[in-house]
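**Student:** okay, sequence plus prediction incoming.
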Amino acid sequence: MSSHRPFAIGLTALALVTGAAAPLSAQSAPAPRCHLLCAPSLTLMPGVVRTHLLRGPLVRNTSTGVESRLPGTTNMQVIVALASRTAVPRLSLVASAQWLPNAAEGRNPFTLYTASELGTHVRANAPTLVAGGSLSLLTPASTAGWFDAAFNVGDLFSQAATPDDKSAYTHKLDLDLVTHLHVFAALPKHEYLHRVSLYGILDYVATGLPSPGDEVPLGRVFVTGARPMALVAGLTFPLTPAPQ
């Protein structure tokens, strides 16, 4: 099957990316200290994911011997992210679910080259899950309220992608750099749009993807390893009330 994502940017994008995920960055203005975990926030993050951001992997057709480079893909992605600040400064716990509502069958742009295509039906828009931690690098308070940035490390639970995977879904290490641009920051704080932001997630799936020599699916061998760098961008819409 062809190439893809995951955000999964995912993370994706987990962290909800700034919002990826991708919210995953612990957000906004200073809030009261928590004993262990603060009240969680829920965010809807519609956006677009672009895979093979740098360049796609080189693959060889085992029947013809012809080598070609897998192209990048662009798909709509919807992320629902849950984030909770912890008592540790700048550290949040994050989780997200994401899916590609318009991804075509035979191409899974979120998890890259799934092995589930071997002899089975593939749903390219099957959801994926991410859970992990988010370390705030820049807070809105340090940028006059205009943007923030965070680094997320998560466990991506998504479709199998290597020949020896023994289950339809496998765990993968997902790394994200997430940023939010608070384009409506100048609006009064009581207005809902004040909390809406633009997000961007640079997503890298570090494990669980094809390596040189892997045949995925049958008839296609990877000459170079999967290049799992993706970019996710979109809008964040908070679903929970603003912190008091």
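**Tutor:** Cool, the structure landed.

**Student:** report the beta-bridge partners for Leu37.
**Tutor:** Thr86 (DSSP bridges).

**Student:** hang on, it packs against Ser84?
**Tutor:** Yes - if you go by CB atoms under 8 Å, Leu37 and Ser84 touch, sitting 4.9 Å apart. Placement of C-beta: from N, CA and C, glycine included.

**Student:** show the pLDDT at the residue lying closest to Ala233 once chain neighbours are set aside.
**Tutor:** Spatially, and ignoring its direct neighbours in sequence, Ala233 is nearest to Gly200 (4.8 Å; CB to CB, 6 or more residues apart in numbering). Predicted confidence (pLDDT) for Gly200: 98.

**Student:** what about Gly200, how many residues nearby?
**Tutor:** Neighbour count of Gly200, defined by other CB atoms under 10 Å: 23.

**Student:** cool, and the one 3 residues further on?
**Tutor:** Applying other CB under 10 Å, we find 36 other residues in the vicinity of Asp203.

**Student:** let me know the secondary structure of it.
**Tutor:** Counting by DSSP: H, G, I helix; E, B strand; the rest coil, the backbone at Asp203 sits in strand.

**Student:** across the sheet, point out what pairs with it.
**Tutor:** Here Asp203, judged by DSSP bridges, has bridge partners Asp176, Ala230.

**Student:** and it, how far is that from Asp176?
**Tutor:** 5 Å (CB to CB, to the nearest Å).

**Student:** His182 now?
**Tutor:** 19 Å.

**Student:** neighbour-wise, which of those two wins?
**Tutor:** Per other CB under 10 Å, whichever of His182 and Asp176 has more neighbours is Asp176, with 38 against 22.

**Student:** thought the more buried one was touching Gly154?
**Tutor:** Yes - using CB under 8 Å, Asp176 makes contact with Gly154 at a distance of 7.2 Å.

**Student:** what helix or strand is the residue nearest to Ala233 located in?
**Tutor:** Using DSSP states H and E, Gly200 falls within strand 197-205.

**Student:** right, and the helix or strand after that strand?
**Tutor:** Following strand 197-205 in sequence, per DSSP H and E, is strand 220-222.

**Student:** confidence score at the residue of the chain most remote from its centre?
**Tutor:** The C-alpha centroid of the chain is most remote from Thr64, which lies 35.1 Å away (CA atoms, centre = their mean). Confidence at Thr64, expressed as pLDDT, is 95.

**Student:** measure it to Arg220 for me?
**Tutor:** Taking CB to CB, one finds Thr64 at 11 Å from Arg220.

**Student:** in stretch 53-64, which residues are buried?
**Tutor:** Leu53, Gly56, Pro57, Leu58, Val59, Arg60 (16 or more other CB atoms under 10 Å).

**Student:** again with stretch 81-98
**Tutor:** For stretch 81-98, a neighbour-count test (16+ other CB under 10 Å) marks 81-86, 92-98 as buried.

**Student:** how about those residues, which pair is most distant?
**Tutor:** Greatest spacing in these, by CB to CB: Thr86 and Gln98 (22.9 Å).

**Student:** what's the burial count for the closest residue to Leu202 other than its chain neighbours?
**Tutor:** Closest residue to Leu202 apart from its sequence neighbours, by CB to CB, 6+ apart: Leu177 at 4.4 Å. Counted by other CB under 10 Å, the residues lying close to Leu177 total 20.

**Student:** can you report how many residues neighbour the nearest residue to Arg195 once chain neighbours are set aside?
**Tutor:** Nearest non-adjacent residue to Arg195, counting by CB to CB, 6+ apart: Pro238, 4.9 Å away. Neighbours of Pro238 under the rule other CB under 10 Å: 18.

**Student:** how about low-confidence regions in this protein?
**Tutor:** 1-33, 103-125, 244 (pLDDT under 70).

**Student:** which stretches in it count as strands?
**Tutor:** 41-50, 58-61, 67-69, 74-85, 91-99, 128-138, 147-159, 169-181, 197-205, 220-222, 229-238 (DSSP state E).
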